[in-house]
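Peer 1: mind folding the following:
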Amino acid sequence: MKSRVFILTASILFCFLSASSQQLVYKPVNPAFGGDTFNYQWLLSSAQAQNKLEDLTRTPFGANPLDDFENNLKRQILNQLSREIINKMFGEEGLQDGSFEFGVFEVTITSQLEGIDIEIHNSRDGSKTNITVPYY
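Peer 2: Presented below is the predicted three-dimensional model:
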């Protein structure tokens, strides 16, 4: 019995003495942070597969250059209109009452007691927008 206990104790001590450990070292995956450069293609393809945005870089003007031109023109006209409204409120020059047509937009401007009333009508889809800019 003593020999069995001795053998069991010796084998346990041998297991503890022969067990060794090593230091854990973190190595990054991304090559930008010191990782392996062979991971670059995998990371790039993984990111592109997860990208949900449309790629508008195929043509410099998007899908249709004429549509982009029309949208740009509309934006410029509406920006000019907003600048004139600001000038009317804060400057000497300003908008004239009347009705103006810009492509599919018909803009009607009227001066009222509470402010400038602007009605924008889109003849393409029939939508109307009313904006009242109060006097200060």
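
Peer 1: for the protein, which residues score under the pLDDT cut-off?
Peer 2: 1-2, 10, 13-21, 54-63, 86, 88-95, 136 (pLDDT under 70).

Peer 1: if we use 80, what do you get?
Peer 2: Within the chain, the stretches with pLDDT under 80 are 1-22, 53-65, 82, 84-96, 102-103, 135-136.

Peer 1: do a quick rundown of the strands in it.
Peer 2: Counting by DSSP state E, residue ranges of the strands within the chain are 98-102, 105-111, 115-122, 128-134.

Peer 1: quick one, which of those is nearest to residue 46?
Peer 2: Evaluated over the strands of the chain, closeness to residue 46 peaks at strand 115-122, with 43.0 Å, by CB to CB. C-beta: built from backbone N, CA, C; applies to glycine.

Peer 1: geometric centre of the protein: which residue is closest?
Peer 2: In the chain, the C-alpha nearest the mean C-alpha coordinate belongs to residue 53, at 9.0 Å (CA atoms, centre = their mean).

Peer 1: quick one, what contacts that residue?
Peer 2: For residue 53, no residue meets the contact criterion (CB atoms under 8 Å, 6 or more residues apart in numbering).

Peer 1: burial check on the closest residue to residue 107 other than its chain neighbours, number of neighbours?
Peer 2: Residue nearest to residue 107 in three dimensions, not counting chain neighbours: residue 100, with 4.7 Å by CB to CB, 6 or more residues apart in numbering. By other CB atoms under 10 Å, 13 other residues sit near residue 100.
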